[in-house]
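[1] task: produce atomic coordinates for the following.
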Amino acid sequence: MYILGVTGNIGSGKSSVSERLAYHGAFVSHSDALAKEILQSNPGIIEQLCARFGDDLLDASGILQKHLLAERAFATREDQLFLNHLIHPEVKKSTLEEIEHSRDEGYSLFVIDAPLLFEAHLDSITDSVLVVVADRIFREGRVERRSQITKVDFERRDALQMPREEKIRRANHVIDNEGTLEELLEKADIFFQKLKF
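    Next comes the predicted model:
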């Protein structure tokens with residue numbers, strides 16, 4: 001089984017590429033979804049988060065308020081690193097379990113869709129890495145159209161991610177996404193056809 005990491009900065013369109021690869025038969029593991037699942041279900045991590053960011057992270061029912069966590073964890077690089085050091089090892093462990101399950105199911109392509117692929121050291125378990133890139137003006141516009149993230153939140157999160165130039169330097173493959181969604185999907189199709197696995 002070939003393991004491909006797909007990453008990009010916020011609003012780059014990496015998830016559209018990953019979903020297109022799923023259309024071609026890949027199993028796609030979404031690291032953000034795994035992280036959210038871990039945050040909801042791991043009492044040890046929740047306890048450490050409350051100790052760092054305040055007990056009011058949990059609502060009256062004991063449910064983690066993700067918007068409060070995001071607001072506080074993305075406030076500084078130190079806070080983000082604290083969160084990442086808690087979550088990333090658990091995400092990697094869950095990803096490795098998914099890889100084994102997918103291998104048993106007969107998948108030939110496994111995609112790790114992760115905005116923090118390099119930061120979480122998930123690239124160490126891939127055969128190659130694809131980075132989807134777009135200039136900031138394109139990324140910011142996409143994020144504004146599809147989510148509740150404000151311009152300030154976009155800027156804060158974008159500043160805390162690895163610069164795109166560094167991601168490109170570390171990548172094996174790069175797809176430029178400064179056109180339409182149709183053009184991006186066509187590039188993903190061409191990329192898939194060229195993959196040797």
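[2] so which residues of this protein form strands?
    For the chain, applying DSSP state E gives strands covering 2-7, 27-30, 109-113, 128-133, 173-176.
[3] columns distance to P89, mean pLDDT and mean neighbour count on top of these, output as CSV?
    All C-beta atoms are positioned from the backbone trio N, CA, C, and that covers glycine. Shown next, in CSV, are the strands of the chain (distance: least, Cβ to Cβ, whole Å; pLDDT from 0 to 100; neighbours: other Cβ atoms under 10 Å):
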stretch, distance to P89, mean pLDDT, mean neighbour count
strand 2-7, 17, 97, 24
strand 27-30, 16, 98, 21
strand 109-113, 15, 98, 25
strand 128-133, 20, 95, 22
strand 173-176, 27, 94, 16
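[4] and of those, who's closest to I99?
    strand 109-113 (5.6 Å; Cβ to Cβ).
[5] re earlier: dump the strands of the chain to a markdown table, plus distance to K167.
    Listed next are these as a markdown table, based on distance: least, Cβ to Cβ, whole Å:
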| stretch | distance to K167 |
| --- | --- |
| strand 2-7 | 6 |
| strand 27-30 | 18 |
| strand 109-113 | 14 |
| strand 128-133 | 5 |
| strand 173-176 | 9 |
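[6] of all these, which lies closest to E183?
    Short answer: strand 173-176, nearest of the strands of the chain by Cβ to Cβ, at 9.5 Å.
[7] could you list the low-pLDDT ranges of this protein?
    Flagging of the chain using pLDDT under 70 yields the residue ranges 11, 136-160, 197.
[8] in it, which helix has the most residues?
    Ordering each helix of the chain by length in residues (DSSP state H) puts helix 77-105 first.
[9] and it, which residues are buried?
    For helix 77-105, burial by neighbour count (16 or more other Cβ atoms under 10 Å) applies to 79-80, 82-84, 86-88, 90-92, 94-95, 98-99, 102.
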